[in-house]
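> Give me a model of this one.
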Amino acid sequence: MTEFTVWAPESARVRLRLPGSIRYELQVGAFTPEGTFDAATGHLDHLVDLGVDLVDLLPGDGLDSGTPGLRRLVDAAHDKGLGVVLDVAQHRFGRRRIVDSVLRWLRDHHVDGLRLDDAPAAPGGRLLDELTAAVEPLSARLGRPLSLITEPDLNGPAQHAVPALRTGDRAAQPLSAGLLRVGATLLMTALLTPMLFMGEEWAASTPRQLAAYGWPAGEVPERQTFPRSWLDWAELDKPEHREMYDFYRRLIALRKSRPDLSDPRLSRIDVRHGDQFLLTRRGECLVAANLAGKPQRINLPGRVRTVLLATATGVTVMRDGIELPPESAAVVAL
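Predicted coordinates for the structure are as follows:
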């Protein structure tokens with residue numbers, strides 16, 4: 001995705017920094033059994049503990065309603081050091097209405113950025129030029145950075161491997177625990193801003209059949225989320241789900257402790273792939289993934305100084321390579 005922050009005073013560039021951040025996609029109607037903004041607010045400490053930086057609210061009628069609950073959720077997130085990005089679809093509106101809508105979300109609902117799913121994919125287009133021209137003075141007036149995000153067409157083995165190794169429709173397309181960890185490792189060491197979908201951090205078993213609402217309790221219209229898609233927070237008490245959650249916490253902490261892993265420069269990444277393996281070099285860090293169902297020896301472009309993280313036991317470092325157990329990955333420092 002293309003990410004850019006419009007002008008703001010240097011002193012205000014605190015809350016939201018897209019490069020290097022980790023986004024958490026949240027659909028209010030399925031995040032909790034209640035399906036309300038206030039209920040979602042009660043789980044913000046979970047996101048802080050996980051280590052994410054931005055809450056990405058996915059579209060739904062609850063967001064279109066402009067309820068005070070949305071502002072309460074955003075303000076509570078800010079109090080806990082989390083930024084909030086709103087995912088909006090603008091294809092129904094004319095250009096002037098799009099600009100007005102963007103300003104309203106940023107100004108009246110206190111969000112830090114908007115993800116424009118169907119806008120042109122790079123700065124320089126007429127619409128994005130108009131949006132930037134309108135948002136810059138608002139950012140200056142509010143004294144905080146405001147961000148716009150659009151989606152480009154990214155291609156390459158690393159970009160294609162990550163979605164294939166994530167939970168997908170979860171229960172409908174189960175993956176082994178090993179491949180789920182490999183997918184998590186590739187996601188958290190990938191270029192640009194990683195996005196976690198709610199529940200992914202504990203390998204939630206609930207399917208992704210969603211349409212979010214966020215109305216206050218007692219005012220919820222007919223919810224279009226399927227009840228079986230509501231997150232089951234009790235899963236976090238089960239060992240296999242808690243282990244995945246703890247693994248994500250370690251991954252996120254590693255990404256934040258190693259600047260190379262969040263460097264947004266294309267010139268600082270090199271990807272090599274072969275027979276069911278993938279190598280991604282990020283500066284002095286290297287990610288090796290074995291997608292095969294058997295151990296695999298992979299030649300490396302340098303000598304390993306230390307293994308920073310491994311998804312499984314049994315990783316063997318050699319003079320010019322590494323041997324990985326089946327369906328596993330390792331992050332090493334060269």
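> Could you pull out the buried residues of stretch 21-41?
21-32, 34-41 (16 or more other CB atoms under 10 Å). Heads up, the C-betas are built off the backbone N, CA and C, glycines and all.
> Could you list which of these belong to strands?
With strands defined by DSSP state E, the entries of these inside them are 23-26.
> Identify, from these, the entry nearest to residue 149.
Closest approach between those and residue 149, by CB to CB: residue 23, at 9.0 Å.
> so what's that closest one up against?
Residue 23 makes contact with 52-56, 85, 193-196, according to CB atoms under 8 Å, 6 or more residues apart in numbering.
> Among those, name the buried ones.
Applying 16+ other CB under 10 Å to those flags 52-56, 85, 193-196 as buried.
> can you put those in TSV and add pLDDT?
What follows is the buried ones among the contacts of residue 23, written out as TSV (pLDDT from 0 to 100):
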residue	pLDDT
52	95
53	92
54	91
55	93
56	91
85	89
193	80
194	89
195	89
196	93
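> and which of these is nearest residue 295?
Among these, and counting by CB to CB, the member closest to residue 295 is residue 194, at 27.8 Å.
> quick one on the thing from earlier: let me know the closest of the ones in strands among the buried residues of stretch 21-41 to residue 267.
Among those, and counting by CB to CB, the member closest to residue 267 is residue 23, at 23.6 Å.
> where do the helices sit along this structure?
28-31, 37-41, 44-50, 61-64, 68-79, 95-108, 126-142, 157-164, 177-188, 239-257 (DSSP state H).
> So which of those helices is nearest residue 268?
That would be helix 157-164 among the helices of the chain, by CB to CB, at 13.3 Å.
> nearest to residue 240, of the ones in strands among the buried residues of stretch 21-41?
Looking across these and measuring by CB to CB, the closest to residue 240 is residue 24, at 21.2 Å.
> Give me the below-cutoff pLDDT ranges for this protein.
Within the chain, the set of residues satisfying pLDDT under 70 comprises 1-19, 59-66, 89-94, 117-125, 151-173, 209-226.
> And the residue nearest the centre of it?
residue 195 (1.4 Å; CA atoms, centre = their mean).
> my guess is that residue contacts residue 26, does it?
No - between residue 195 and residue 26 there is no contact under CB atoms under 8 Å: 10.7 Å.
> what residues are shared contacts of the two?
Common neighbours of residue 195 and residue 26 (CB under 8 Å, 6+ apart) are residue 56.
> Backbone torsions only: list them for residue 53.
Main-chain torsions, residue 53, degrees, to the nearest 10: phi -110, psi -30.
> wait, what's in contact with the residue nearest to it when sequence neighbours are not counted?
Counting by CB to CB, 6 or more residues apart in numbering, residue 53 lies nearest to residue 21, which is 4.0 Å off, once chain neighbours are set aside. By CB under 8 Å, 6+ apart, the contact set of residue 21 is 53-54, 83, 193.
> my guess is residue 40 meets residue 30, correct?
No - here residue 40 does not reach residue 30: they are 10.1 Å apart, not a contact under CB under 8 Å.
> hey, what's residue 85 bridged with?
residue 56, residue 113 (DSSP bridges).
> rewinding a little: for the contacts of residue 21, which two are the farthest from each other?
Applying CB to CB across the contacts of residue 21, the maximum distance is between 83 and 193, 11.5 Å.
> Tell me the one among the contacts of residue 21 nearest to residue 248.
So of the contacts of residue 21, ranked by how close each gets to residue 248 (CB to CB), first place is residue 53, at 13.9 Å.
> Quick check: the closest one vs residue 102, distance?
For residue 53, the distance to residue 102 equals 22 Å [CB to CB, to the nearest Å].
> same deal with residue 279?
With CB to CB as the criterion, residue 279 and residue 102 are 40 Å apart.
> what do you get for residue 276?
On the measure of CB to CB, residue 276 and residue 102 end up 44 Å apart.
> Tell me which of these two has more neighbours.
residue 102 (23 against 13; other CB atoms under 10 Å).
> Report the separation between the two terminal residues of stretch 249-263.
20 Å (CA to CA, to the nearest Å).
> tell me which residues in that stretch are buried?
251-252, 254-256, 258, 260-263.
> Present the contacts of residue 23 as TSV; the columns should include distance to residue 241.
Converted to TSV, the contacts of residue 23 look like this (distance: CB to CB, whole Å):
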residue	distance to residue 241
52	18
53	23
54	23
55	21
56	22
85	26
193	25
194	20
195	20
196	15
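> Which one of these is nearest to residue 108?
For the contacts of residue 23, the nearest to residue 108 is residue 85 (15.9 Å; CB to CB).
> hmm, back to that, for residue 205, find the nearest of the helices of the chain.
Nearest of those (CB to CB): helix 239-257, 8.4 Å.
> Now do the closest one against helix 177-188, angle only.
20 degrees (axes from the mean of the first three to the mean of the last three CA atoms, to 10 degrees).
> measure residue 26 to residue 237 for me?
Counting by CB to CB - residue 26 and residue 237 are separated by 21 Å.
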